[in-house]
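Visitor: The following comprises the amino acid sequence and a computationally predicted model.
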Amino acid sequence: MKLFIDTADLKEIREIASWGIIEGATTNPTLISQQEGHPHEILRQICEIVNGPVSAEVVSQDCEGMVEEARELSKIHKHIVIKIPFGIEGLKAVKKLSEEGIRTNVTLVFSPSQALMAARAGASFISPFVGRLDDISNNGMEIVAQIVDIFNNYPDIKTQVIVASIRHPMHVVEAALIGAPIATVPPKVLRQMVKHPLTDIGIERFLKDWEKVKDRLK
Ligand code: G3P
């Protein structure tokens, strides 16, 4: 499973991309609103740092507006993928954009039937929101598993699942066990994934023991 970073925070993206594990990034209007500067400039800089798809979301409500916005956003950088909120207008926009060769990521997906429709409209990616489903006492990961199964049943579907709205490391592990191709993970969770107390204790012990042999190197 590939790991994307789910933030528009350039400092975080720069730092975590340097770990060598990030293959894409996702943003949304909320994440962009938390940063200073022109949204297009933020997106351009993310694309310079991350060598992979970078999702930029449209805010228009109708197909024509979404397509217009998508054409503008896709001029920013070749890494840009257009995030389209799920809906009838969104489906129409995805169809049009896929015919123009513009990649899309259908977002705010909460059910397998929505995922199937987005795939059939020609979405390159779809983003089921696990955490937000869990928040309303639904099993978000069960929905992801059903979507992955459905896509695997039909090899002509090339749409990739990006597991989104990830809240903790176990969401990442569960997504990988299901066989989801991509998870987009907030910086906080990526940092939590690094940590294990036995790793820290192990390093401390190795360094302490090495002190005993250091003199022999002279
Ligand atoms: O890409 C955005 C998505 O991951 C939303 O996450 O935590 O706002 O539900 P959250």
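Guide: Arrived safely. Numbers count the residues shown, from 1 in each chain.

Visitor: which residue ranges form the helices in this structure?
Guide: For the chain, helices defined by DSSP state H occupy the ranges 10-17, 29-33, 39-49, 63-74, 88-99, 112-121, 130-135, 140-153, 169-178, 187-194, 197-213.

Visitor: same for the fourth one, what does it pack against?
Guide: What that stands for is helix 63-74. Using 3 or more C-beta pairs under 8 Å, 6 or more residues apart in numbering; DSSP states H and E, the elements in contact with helix 63-74 are strand 80-85, helix 88-99. Just so you know, the C-beta spots here come from the backbone N, C-alpha and C atoms, and that holds for glycine as well.

Visitor: between these, which gets nearest to the ligand?
Guide: For the ligand, the closest of those is strand 80-85, at 7.9 Å, according to C-beta to the nearest ligand atom.

Visitor: Paired strands for that closest one, with orientation please.
Guide: strand 54-57 (parallel), strand 104-109 (parallel) (DSSP bridges).

Visitor: Any idea how far apart the tips of stretch 180-192 sit?
Guide: From its first residue to its last, stretch 180-192 covers 20 Å (C-alpha to C-alpha, to the nearest Å).

Visitor: Over to stretch 26-42?
Guide: 12 Å.

Visitor: Run through who's touching it.
Guide: Defining contact as C-beta atoms under 8 Å, 6 or more residues apart in numbering, one finds that stretch 26-42 is touched by 4-10, 43, 46, 54-57, 59, 73, 76, 83, 105, 107, 127, 162, 164, 184.
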